[in-house]
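Participant: Have a look; sequence and predicted model below, questions after that.
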Amino acid sequence: MQPDASGGPGGRAGVHRQTAAALARAGTVSQAAVSFFSLPAAVRPEVQGFEGWLSALAQPGALAEMGGLLACLLLAGLLTRLLGRAQSVRDGSSILFGSRLVDGVLFPLLLLVFAYVMQTVLARWFALALFPIAQPVLLALAVIRLAVKVLQVAFKDAPVVRALERTFSWLAWALLAMWLSGLLPVILDELDSIKWKVGASVLSVRLLLQGALTAGVVLLITLWISSAIERRLLRAATGGELSLRKALSNATRAVLMFVGLLLALSSVGIDLTALSVLGGAIGVGVGFGLQKLASNYVSGFVMLAERSVRIGDNIRVDNFEGRITDINARYTVVRAPSGRESIV
């Protein structure tokens, strides 16, 4: 018997069409599974809109997700407390631990890692509704705590730090809300369409915002490194050694900030060779108008290197007498017994 090639249900062409249809359905299913983890919550096929998300929460798998999130929370908190007991600094200056459980960076980072592992395990059994939303929330929390703690340690007691903390927190949560709602890609496309030409380069609002974000991240990392070096230099230092180490820490921070600024400008796309003209202008300014300022810096480092005076010494300058409370590369702070301070 010859096989029917007419394209009927039992023929060869019919078998080919059925196979192609099955492959197409399999491809559609796999594409939907991949898009669940790559698209924002508002456009995921399994959780379409707020009502779809609520219906997904009614599924049996949602209880497993809640239990998994709770287990990650307890495990991250327990591990953070155990590691925090071993640290020597408990005044809240530690970036990893902070002054309490949720103040440092370690707790949200551990929670983010545990949640990612739990999401990978649970995704093998059923479609997820909570973890795809919890992951960006935890990531935003970790980034916010990192930025806030670095600013607190680098600019201790500065009045502008509190305003920067609030601004950064609101900005991060606003970006997260736009991403979850699906508005962020639309806004970025609109910002990318606003372009203008500057010389041989074409700039857009999106490119400028990305450059500013990159520069901010680089400067935050630079501040973190400089703060860690400063704490290590000033640890267990007294007298003249404290003065010298304080000057070295200030110089190290200035150098790292300069290097971080150059890296940030390079990441934005600014040609650093064009800054050579600015460097020459600064050199001329130092040579003519900033001679006294430069001489103060040189004199300060020489005085610290010779250790002629130390923090805690009583000195007399003209008619002002008091105790040295701080020594920088450019000036020295002297406090009188009455509480008055003089900068020399």
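Facilitator: Nice, I can see it.

Participant: Every contact and neighbour count from this point should use C-alpha atoms.
Facilitator: Noted.

Participant: how close does Lys149 sit to Leu83?
Facilitator: For Lys149, the distance to Leu83 (C-alpha to C-alpha, to the nearest Å) stands at 18 Å.

Participant: the more surrounded of those two?
Facilitator: Neighbour tally, Lys149 and Leu83, criterion other C-alpha atoms under 10 Å: the higher count belongs to Lys149, 23 against 11.

Participant: backbone phi and psi for the nearest residue to the more buried one once chain neighbours are set aside, please?
Facilitator: Distances taken as C-alpha to C-alpha, 6 or more residues apart in numbering place Ile95 nearest to Lys149, at 5.5 Å, with adjacent residues excluded. Main-chain dihedrals, Ile95, degrees, to the nearest 10: phi -70, psi -40.

Participant: if I look at Ile95, how far off is Ala142?
Facilitator: Distance from Ile95 to Ala142, counting by C-alpha to C-alpha: 12 Å.

Participant: Ok, Asn296 next?
Facilitator: Separation of Asn296 from Ala142 (C-alpha to C-alpha): 42 Å.

Participant: need the contact list for Thr222.
Facilitator: 256-257, 260 (C-alpha atoms under 8 Å, 6 or more residues apart in numbering).

Participant: make it 6 Å
Facilitator: Shown in contact with Thr222 (C-alpha atoms under 6 Å, 6 or more residues apart in numbering): Gly260.

Participant: same deal with Val143?
Facilitator: So Val143 contacts nothing (C-alpha under 6 Å, 6+ apart).

Participant: any chance you could map the helices in the stretch 101-250 of the chain?
Facilitator: 106-122, 131-154, 159-181, 183-193, 205-234, 239-268 (DSSP state H, counting those that start in this stretch).

Participant: what mean pLDDT does the third one have?
Facilitator: Think helix 159-181. Averaged across helix 159-181, pLDDT comes to 77.

Participant: when you compare where it runs with where helix 183-193 runs, what's the angle?
Facilitator: 110 degrees (axes from the mean of the first three to the mean of the last three C-alpha atoms, to 10 degrees).

Participant: And helix 159-181, what does it pack against?
Facilitator: Identification of packing neighbours for helix 159-181 by 3 or more C-alpha pairs under 6 Å, 6 or more residues apart in numbering; DSSP states H and E yields no helix or strand.

Participant: The shortest one too?
Facilitator: Other helices and strands packing on helix 183-193, by 3+ C-alpha pairs under 6 Å, 6+ apart, are helix 205-234.

Participant: Kindly calculate the angle that the helix it packs on makes with helix 239-268.
Facilitator: Angle, helix 205-234 to helix 239-268, by the same axes, to 10 degrees: 160 degrees.

Participant: heads up, I number from 761, so please use that
Facilitator: That works, and once the first residue is 761, the last one we named lands at helix 965-994.

Participant: in helix 965-994, what counts as buried?
Facilitator: Under the neighbour-count criterion of 16 or more other C-alpha atoms under 10 Å, helix 965-994 has 965-967, 971-972, 974-987, 990, 993-994 buried.

Participant: what residues are up against the nearest residue to Ser953 once chain neighbours are set aside?
Facilitator: Among residues not flanking Ser953 along the chain, Ser964 sits closest, at 7.1 Å (C-alpha to C-alpha, 6+ apart). Counting by C-alpha under 6 Å, 6+ apart, Ser964 touches 952, 954-955.

Participant: average pLDDT across the regular element (helix or strand) spanning Leu842?
Facilitator: Under the criterion of DSSP states H and E, Leu842 resides in helix 820-845. Average pLDDT, helix 820-845: 83.

Participant: just stretch 867-881 next, same as before
Facilitator: Stretch 867-881 comes out at a mean pLDDT of 87.

Participant: picking up where we left off before, what's the burial count for the residue nearest to Lys909?
Facilitator: Ile855: 23 neighbours (other C-alpha under 10 Å).

Participant: Tell me how far the closest residue to Pro945 other than its chain neighbours lies from Gln970.
Facilitator: Leaving aside its sequence neighbours, Pro945 sits nearest to Trp939 (C-alpha to C-alpha, 6+ apart; 7.5 Å). For Trp939, the distance to Gln970 equals 16 Å [C-alpha to C-alpha].

Participant: about what we covered before: okay, the helices of the stretch 861-1010 of the chain in JSON lines with distance to Leu838 next?
Facilitator: Listed next are these as JSON lines, based on distance: least, C-alpha to C-alpha, whole Å:
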{"stretch": "helix 866-882", "distance to Leu838": "9"}
{"stretch": "helix 891-914", "distance to Leu838": "17"}
{"stretch": "helix 919-941", "distance to Leu838": "26"}
{"stretch": "helix 943-953", "distance to Leu838": "36"}
{"stretch": "helix 965-994", "distance to Leu838": "25"}
{"stretch": "helix 999-1028", "distance to Leu838": "35"}
